[in-house]
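S.K.: Got a predicted model here, sequence first, then my questions.
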Amino acid sequence: MQTVGKENHSSVSEFLLLGFSSEPQVRMALFTFFLLLYLITLLGNGLITTLIYLDSRLHTPMYFFLSILSMVDMSYVTTTVPQMLVNMVFPKRTISWGACVAQMFIFLVLGIAECVLYAVMAYDRYVAICFPLHYSLLMSRPICIKMVIVCWCISIASSLVYTVFTMRLPYCGPHKINHFFCEVPAVLKLACADTSFNDRLDFILGFTLLLVPLSLILASYMRIFASIFRIRSSQGRIKSFSTCASHITVVTMFYAPCMMMYMRPGSWYDPERDKKLALFYNVVSAFLNPIIYSLRNKDVKMAFLKVFGDRRTPQ
């Protein structure tokens, strides 16, 4: 059985990504739309990262984590969207086995890193609001860097497990992936072997990597809201809540579709629905993050005016 698996596995040289539509006019319309979305996403996230780097007033733990999130989002969409755009222009729409493995692994690394990073950002807000006098000690620069390192270690280790146990299966054909990139649930549907173990493993990993950070986020915000309601000044309550509202919004946009994708039985697989879900937590979320953070954040607006506005304005 192992020999047969190896033979079948070695015969796979490339996969065919079916994408969204085979109609030329529809493909060109989608190409234009997603190209603009991709460029705006890179511009928005790149702008936030640049502002945080250039403006010393934004050199705080909250904006340090926000800059990491923006860089993750830029890398996240770059892992999938350029391949999708190429496949919309060229009818071949193939991806080599090695490129598929690399895309799957990098996509998972960045996605898991984003999950953990949201929990770290919630903890940062929890310390800032509930323990303001100890904030500089509890969220010092070395501690923030260690948090980011732990975040990447968790994401790399988990992604290795996902990728290795998915791509070790025999794939005997047809090699048509009904998706716009090599995502684990879509690739598993092509395996000519029992995938029940993979389904259980994916559910356990999804439960751990999604619900554990989400539980930490919810626990942090329960304590945050309890502290906010004890503030006597209504203006103080509004200011404290506004610092958390943006984070709550992006967490909801990211976690809801991810949980629908990775915490459901394999028998519930629906390729058309899954492609839309993947678009939302991969492309749309990365596109909206800089808009939400910049439109609701006075510090970012002031940094933008300082860097790109009238440089003669007194500091």
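M.R.: Received it, and whenever you're ready, just let me know what you need.

S.K.: Okay, now the unreliable bits of the stretch 1-150 of the chain?
M.R.: Counting by pLDDT under 70, the ranges of the stretch 1-150 of the chain that qualify are 1-11, 21-22.

S.K.: So which residues of the protein form helices?
M.R.: 2-11, 24-54, 61-89, 97-130, 135-138, 141-167, 184-188, 196-206, 212-229, 234-262, 271-279, 285-295, 298-308 (DSSP state H).

S.K.: Which other helices and strands does the fifth one contact?
M.R.: Taking 3 or more C-beta pairs under 8 Å, 6 or more residues apart in numbering; DSSP states H and E as the contact definition, the neighbouring helices and strands of helix 135-138 are helix 97-130. For the C-beta atoms, the positions are set from N, CA and C on the backbone; glycine is no exception.

S.K.: what angle separates the helix it packs on from helix 141-167?
M.R.: Interaxial angle of helix 97-130 relative to helix 141-167 (axes from the mean of the first three to the mean of the last three C-alpha atoms, to 10 degrees): 150 degrees.

S.K.: and helix 97-130, which residues are buried?
M.R.: Neighbour-count burial for helix 97-130, counted by 16 or more other C-beta atoms under 10 Å, picks out 97, 100-101, 103-129.

S.K.: do stretch 273-280 as well
M.R.: 274-275, 277-280.

S.K.: Identify the residue nearest the geometric centre of this protein.
M.R.: When the chain is reduced to its mean C-alpha position, the closest residue under C-alpha atoms, centre = their mean turns out to be G111, at 3.9 Å.

S.K.: Distance of it relative to P257?
M.R.: Distance of G111 to P257, computed by C-beta to C-beta, to the nearest Å: 11 Å.

S.K.: returning to that earlier point: would you format the helices of the chain as TSV with distance to L18 included?
M.R.: Shown next, in TSV, are the helices of the chain (distance: least, C-beta to C-beta, whole Å):
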stretch	distance to L18
helix 2-11	20
helix 24-54	12
helix 61-89	9
helix 97-130	14
helix 135-138	49
helix 141-167	18
helix 184-188	9
helix 196-206	21
helix 212-229	32
helix 234-262	18
helix 271-279	8
helix 285-295	23
helix 298-308	40
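
S.K.: Indicate which one of those is closest to H175.
M.R.: The closest of the helices of the chain to H175 is helix 97-130. By C-beta to C-beta, the value is 8.9 Å.

S.K.: Could you check how many residues crowd around the residue nearest to I291 when sequence neighbours are not counted?
M.R.: Among residues not flanking I291 along the chain, G44 sits closest, at 6.4 Å (C-beta to C-beta, 6 or more residues apart in numbering). G44 has 21 neighbours, counted by other C-beta atoms under 10 Å.

S.K.: what do you get for A226?
M.R.: 11.

S.K.: Quick check, pLDDT for S220.
M.R.: What the model reports as pLDDT for S220 is 90.

S.K.: my guess is it contacts I129, does it?
M.R.: No: shown here, S220 and I129 do not form a contact pair, counting by C-beta atoms under 8 Å, at 9.4 Å.

S.K.: Relative to M302, how far out is T50?
M.R.: Computed as C-beta to C-beta, the T50 to M302 distance reads 15 Å.

S.K.: try V12
M.R.: 54 Å.
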